[in-house]
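A.B. asks: below are the sequence and a predicted model; questions follow.
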Amino acid sequence: MNGEVSLLRPAVSNPATRPELSDTLRASVMARRTQVTELLKKAVSEFGNEITFANSMGAEDMVLTDIILREQLPIEIFSLDTGRLPVETYDLMAEVEKTYHTRLKIFFPRSDTVENYVQSNGINAFYESIDLRKACCHMRKVEPLGRALKGKKAWVTGMRAQQSATRADLPLREFDESHGLEKFNPLSDWTEQETWAYIRMHEVPYNKLHDQFYPSIGCAPCTRAVAVGEDVRAGRWWWEDPASKECGLHVKK
Ligand code: SF4
């Protein structure tokens, strides 16, 4: 199964990550920043310190990281390290810690579960069936997410409605039945252009794979570059049907 991050490095830089910063776009992004800040402040006033932000280190999550840390909002930020992330994501984690003078809170999968899975199925078994792929996502992402959300009453995500068919009707806030928490999606109605305009305007750190046509970045073996005009999440689990392409972190009951 070809297509891993380290195998595909287009020479041309992705123009989508460098939108032209017109006055109209700048004004629109600043207005949206105010809306997001207000929503997050409202979330804090409702849920206090029982709210947490799941930072997957994607472009949208970098926007939220920047807003939360610059506004000094009392929202915990955590990330999941699946053990199979691209080196560029680890570089970004280090850059975020240096830029914002912070230490990321990182959750890892249970080592005994990973050892058993690999021993039984093989090191790259996720390519062999959807069940094995979902089992891998469950042990490396879903189970650690459950630990990260334990004791919380609300969580924040960087999902956008335009990212995929499975997110088309994404609201700004909703009750997440699968985790029993309120869920805030402050960037749900942002465009890709607004996301990148924010990053450029505020010099926010970002994953350099985005410049190489990786709009959505997950684990290295399950992510590849997309063609111009392709769906934003077409490079994730590209061998599967689009309707099944979520990792289990954002499923609805
Ligand atoms: S994205 Fe791939 S490597 Fe990462 S947890 Fe899911 S199946 Fe495993």
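C.D. replies: Okay, I see it.

A.B. asks: what parts of the protein come near the ligand?
C.D. replies: For the chain, the contact set with the ligand under Cβ under 6 Å from any ligand atom comprises 82, 84, 126, 133, 136-137, 140-141, 218-219, 221-222, 247. (Each C-beta comes from the backbone N, C-alpha and C, glycine too.)

A.B. asks: would JSON lines of those with secondary structure and pLDDT be doable?
C.D. replies: Formatted as JSON lines, the residues of the chain next to the ligand follow (DSSP: H, G, I helix; E, B strand; the rest coil; pLDDT from 0 to 100):
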{"residue": "T82", "secondary structure": "coil", "pLDDT": "98"}
{"residue": "R84", "secondary structure": "coil", "pLDDT": "98"}
{"residue": "F126", "secondary structure": "helix", "pLDDT": "95"}
{"residue": "R133", "secondary structure": "helix", "pLDDT": "95"}
{"residue": "C136", "secondary structure": "helix", "pLDDT": "97"}
{"residue": "C137", "secondary structure": "helix", "pLDDT": "96"}
{"residue": "R140", "secondary structure": "helix", "pLDDT": "98"}
{"residue": "K141", "secondary structure": "helix", "pLDDT": "97"}
{"residue": "G218", "secondary structure": "coil", "pLDDT": "93"}
{"residue": "C219", "secondary structure": "coil", "pLDDT": "96"}
{"residue": "P221", "secondary structure": "helix", "pLDDT": "94"}
{"residue": "C222", "secondary structure": "helix", "pLDDT": "93"}
{"residue": "C247", "secondary structure": "coil", "pLDDT": "64"}
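
A.B. asks: please produce a PyMOL select command covering the buried subset of those.
C.D. replies: Selecting the buried subset of these in PyMOL, with 16 or more other Cβ atoms under 10 Å as the burial test, is done by:
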select buried, resi 82+84+126+133+136+137+140+141+218+219+221+222+247
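
A.B. asks: got CSV for the residues of the chain next to the ligand, with distance to L39 too?
C.D. replies: Listed next are the residues of the chain next to the ligand as CSV, based on distance: Cβ to Cβ, whole Å:
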residue, distance to L39
T82, 29
R84, 33
F126, 35
R133, 34
C136, 34
C137, 29
R140, 30
K141, 25
G218, 26
C219, 30
P221, 35
C222, 31
C247, 25
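
A.B. asks: out of the residues of the chain next to the ligand, which one sits closest to R233?
C.D. replies: Using Cβ to Cβ, the shortest approach to R233 within these belongs to G218, at 9.4 Å.

A.B. asks: what about the residue nearest to that closest one when sequence neighbours are not counted, neighbour count?
C.D. replies: Nearest residue to G218 in three dimensions, chain neighbours excluded: R236, at 5.6 Å (Cβ to Cβ, 6 or more residues apart in numbering). Neighbour count of R236, defined by other Cβ atoms under 10 Å: 24.

A.B. asks: and R236, its phi and psi?
C.D. replies: Main-chain dihedrals, R236, degrees, to the nearest 10: phi -100, psi 130.

A.B. asks: ok, it - contacts?
C.D. replies: When contacts are counted by Cβ atoms under 8 Å, 6 or more residues apart in numbering, R236 touches 216, 218, 222-223, 245.

A.B. asks: that one pairs with what?
C.D. replies: Note on R236: beta-bridge partners by DSSP bridges are T223.

A.B. asks: got a markdown table for the contacts of R236, with distance to K42 too?
C.D. replies: Below are the contacts of R236 laid out as a markdown table (distance: Cβ to Cβ, whole Å):
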| residue | distance to K42 |
| --- | --- |
| S216 | 28 |
| G218 | 30 |
| C222 | 35 |
| T223 | 34 |
| K245 | 32 |
